[in-house]
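[1] here's a sequence, model it:
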Amino acid sequence: PIWIKPDLIMLSSCLFGQDGPYALMAGYGTMGAAIGGMVQPTGWPDQPPAGPYGAYTDVCAPRISTALLLAAVEHRRRTGEGQYIDLSQAEASLQLMGQAVLDYTVNGRVTGRHGNDDDTMAPHGTYRAAGTDRWIAVAVTDDAAWTRLCDVIGRPDLAALDTAQRLDRRRELDTVVEAWTVGHDATEAMERLVARGIAAHEVQNTVEAWNDPQLRHRRHFRQVPHSVMGSTWVEGSRYRLSRTPPVTGAPPALGEHNWEVLTTILRSEEHTSELQSRGLI
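    This is a model prediction of the structure:
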């Protein structure tokens, strides 16, 4: 209750929020992405909607909740008052569909599925490379990049195509690009294209990501102590702060910090012991 800890900040995060007709509905990432508008425009135009990978709303919502928590902390600093934040993951994720919502409200245009196509770049896609299930992503950003790509793949006859012409002939050009990439190792093709200023990268699975020189240079994967297993590997922070250390430990085991949280943040040790003796915690 708020009278026990009036400066407490609490956040509840579920798919649809704490009230309304969907509040008690079981929530999973696929449902959140569907109601948030992210499934319908994802996939190929001649196939059913595919939806984004994984529990997508679980990935989107923390960006909003972090800002909310910081705002609540600042409010408490100024007033001494705590906050209860009711976060709907579906509503939070809908913020990322702002461009599509605006396009519909202003132009009456519904965003459809267009695979890997881009509105302003062509070729733009993922192309088969040599080997089994090996791919490379390529994005031609402008006419100059297209000219350089034509030089690399040995198609000077197409170098004069401007952006509008490439967008109009994108399916043909996808075939042209893949005719070159399929004969090359993905890593080698990437290095050759990047060396010429063309945006490209091999599609990485677990093994390639683990050995990626950029990720290793930045120590993206870190071995940290773990209370049960002794040590484990985790992904590091996606950013660096000049005065704050990166990840220094693994996530806690189930209930590992219950006593500390209950006795130092939420209640007193005496009160917590009383609740424990009564079998309430």
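[2] show me what counts as buried in stretch 114-125.
    117, 121-125 (16 or more other CB atoms under 10 Å). C-beta: built from backbone N, CA, C; applies to glycine.
[3] which of those sits closest to R243?
    Ranked by distance to R243 (CB to CB), the buried residues of stretch 114-125 are led by M121 at 38.9 Å.
[4] buried ones in the helix or strand hosting R171?
    Assessed by DSSP states H and E, R171 sits inside helix 170-181. Within helix 170-181, the residues that qualify as buried by neighbour count (16+ other CB under 10 Å) are 170, 173-174, 177-178, 180-181.
[5] I'd like those residues as TSV, with pLDDT and distance to H75 appended.
    Output for the buried residues of helix 170-181, formatted as TSV (pLDDT from 0 to 100; distance: CB to CB, whole Å):
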residue	pLDDT	distance to H75
R170	96	50
L173	98	54
D174	98	52
V177	98	53
E178	98	55
W180	98	57
T181	98	53
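[6] what residue ranges in this protein score low on pLDDT?
    Scanning the chain for pLDDT under 70 picks out 1-3.
[7] middle-most residue in it, spatially?
    Geometric centre of the chain, nearest residue: V59, 5.7 Å, by CA atoms, centre = their mean.
[8] ok, and for the helix or strand where that one lies, which residues are buried?
    Secondary structure assignment for V59, by DSSP H and E: helix 56-79. For helix 56-79, burial by neighbour count (16+ other CB under 10 Å) applies to 56-58, 60-61, 64-65, 68-69, 72, 76.
[9] what's in contact with the next helix-or-strand element following it?
    Downstream of helix 56-79, the next assigned helix or strand under DSSP H and E is strand 83-88. By CB atoms under 8 Å, 6 or more residues apart in numbering, the surrounding residues in contact with strand 83-88 are 2, 9-19, 61, 64-65, 68-69, 72, 75-76.
[10] which parts of this protein are helices?
    Secondary structure of the chain (DSSP state H): helices at 29-35, 56-79, 89-94, 98-107, 143-153, 163-168, 170-181, 186-195, 206-211, 213-217, 258-261, 269-277.
[11] between these, which one is closest to R243.
    For the helices of the chain, the distance to R243 is smallest for helix 56-79, at 17.0 Å, taking CB to CB.
[12] which residues are contacting the closest one?
    Residues from elsewhere that reach helix 56-79 (CB under 8 Å, 6+ apart): 7, 9, 11, 13, 15, 29, 32-33, 36, 38, 81-83, 85, 87, 89-90, 92-93, 95-96.
[13] what's the answer for stretch 33-43, then?
    By CB under 8 Å, 6+ apart, the residues outside stretch 33-43 that reach it are 16, 30, 49-52, 56-57, 60, 90-91, 93-94, 96-97, 100-101, 111-113, 115.
[14] drop anything exposed from those.
    Buried residues within the contacts of stretch 33-43, defined by neighbour count using 16+ other CB under 10 Å: 16, 51-52, 56-57, 60, 90-91, 93-94, 96-97, 100, 113.
[15] now for those, which pair is the farthest apart?
    Spanning the widest gap among those are F16 and R113, at 25.2 Å by CB to CB.
[16] wait, isn't T141 in contact with A122?
    No. T141 is beyond contact range of A122, at 10.3 Å (criterion: CB atoms under 8 Å).
[17] distance check, the residue nearest to E91 when sequence neighbours are not counted against G32.
    Distances taken as CB to CB, 6 or more residues apart in numbering put G17 closest to E91, at 7.0 Å, once the chain neighbours are dropped. Separation of G17 from G32 (CB to CB, to the nearest Å): 11 Å.
[18] the two: who's more crowded?
    Neighbours per residue (other CB atoms under 10 Å) separate G17 from G32, with G32 holding more: 27 against 18.
[19] what's near enough to touch the more buried one?
    The contact partners of G32, by CB under 8 Å, 6+ apart, come to 15, 55-58, 89-90, 93.
[20] same list (the residues you listed) but as JSON lines, adding distance to T147.
    Below are the contacts of G32 laid out as JSON lines (distance: CB to CB, whole Å):
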{"residue": "L15", "distance to T147": "48"}
{"residue": "A55", "distance to T147": "42"}
{"residue": "Y56", "distance to T147": "37"}
{"residue": "T57", "distance to T147": "42"}
{"residue": "D58", "distance to T147": "43"}
{"residue": "Q89", "distance to T147": "45"}
{"residue": "A90", "distance to T147": "45"}
{"residue": "S93", "distance to T147": "40"}
